[in-house]
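Student: My questions are about this predicted structure, shown below with the sequence.
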Amino acid sequence: MKDLGELRFFLGIEFVRSSKGIVMHQRKYVFELISETRLGNAKPAVTPIDNNNKLTSKQYDDYVNSENDKEDPLADQNIYQRLIGKLLYLTMTRPDIAFGVQTLSQFLQQPKKTHMEASLRIVRYIKGQPGQGILLSSNPDNKFTTFCDADWASCPLTRKFVTGYFIKFGNSVVTWKSKKQSTMSRSSAEVE
């Protein structure tokens, strides 16, 4: 970071130096995304994803064979795939949308209208704070802090559990990740 010098923009990430440290954000990229999705006049959302909205795949709907929940897939899935790809790129500096984008990225093969609406909600959420990013603190605290959690059977479709972690060095975020496990546990004792 010493060699940063006058570098203010790199791979779509903007760097702003302040007395607290260096802030990495993608404000310009967010504004381009908002104008591309034509949500410039939309009201910002308070949360990135609605917890009450049950997102299901087309295969699940076909298996359940419920007429009330059936939807036609989107006519052009490329629009949905491009939007999710852009949101995935945005998660480099916005860990607050990582869970919602990861959830929506599971439906790339046959997206439905509800999936597109949920992805546009994430765009409306980032519209509320377009300059939010990651602070690389100038505070000389050399302490690692780690947070982790596992949510057993949290995926409503597969009943697989999701684990996640978040690591800070001083006041700076170093890395974060959430992952749906590849195997399914039958009890919480197996998860432990």
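Tutor: That came through fine.
Student: per-domain residue ranges of the chain.
Tutor: Following the assignment in automatic domain parsing, the chain carries domains at 2-138, 140-192.
Student: I'd like the average pLDDT over the shortest one.
Tutor: So the one you mean is domain 140-192. Within the predicted structure, the mean pLDDT of domain 140-192 is 77.
Student: Can you give the distance of that domain from its chain's centre?
Tutor: Averaged C-alpha coordinates place domain 140-192 at 15 Å from its chain's average position (C-alpha atoms, centre = their mean, to the nearest Å).
Student: Ok, stretch 90-100 next?
Tutor: Once both centres are worked out by C-alpha atoms, centre = their mean, stretch 90-100 turns out to sit 4 Å from its chain's centre.
Student: now do stretch 43-60
Tutor: 12 Å.
Student: Nearest residue to the middle of this structure?
Tutor: Ala98 (2.3 Å; C-alpha atoms, centre = their mean).
Student: Correct me if wrong: Val101 contacts Arg121.
Tutor: No. Contact between Val101 and Arg121 fails when scored by C-beta atoms under 8 Å: they sit 11.3 Å apart. Heads up, the C-betas are built off the backbone N, CA and C, glycines and all.
Student: more crowded one of these two?
Tutor: In this view Val101 and Arg121 are compared by other C-beta atoms under 10 Å, and Val101 has more residues nearby, 22 against 19.
Student: give me every residue that touches the residue nearest to the centre of the chain.
Tutor: Ala98 sits next to 91, 176, 178 when contact means C-beta atoms under 8 Å, 6 or more residues apart in numbering.
Student: Show me where the chain dips below the pLDDT cut-off.
Tutor: For the chain, the stretches flagged by pLDDT under 70 are 1-11, 65-73, 75, 153-157, 184-192.
Student: top helix in it by residue count?
Tutor: Longest among the helix segments of the chain by residue count, using DSSP state H, is helix 113-128.
Student: What are the buried residues along it?
Tutor: Under the neighbour-count criterion of 16 or more other C-beta atoms under 10 Å, helix 113-128 has 115-116, 118-127 buried.
Student: who touches Ala42 in this structure?
Tutor: Contacts for Ala42 (C-beta under 8 Å, 6+ apart) come out as 124, 127.
Student: What are the phi and psi values at it?
Tutor: Ala42 adopts backbone torsions of phi -80, psi 150, taken as degrees, to the nearest 10.
Student: List of residues touching the longest helix of the chain?
Tutor: For helix 113-128, the external contacting residues (C-beta under 8 Å, 6+ apart) are 30, 33-34, 37, 39, 42-50, 53, 55, 71-72, 74, 79-80, 83-84, 87, 90, 94, 97, 100-101, 104, 107, 132.
Student: if you go through the protein in chain order, where are the strands?
Tutor: Under the criterion DSSP state E, the chain contains strands at 9-10, 13-18, 21-25, 133-137, 144-151, 162-169, 172-180.
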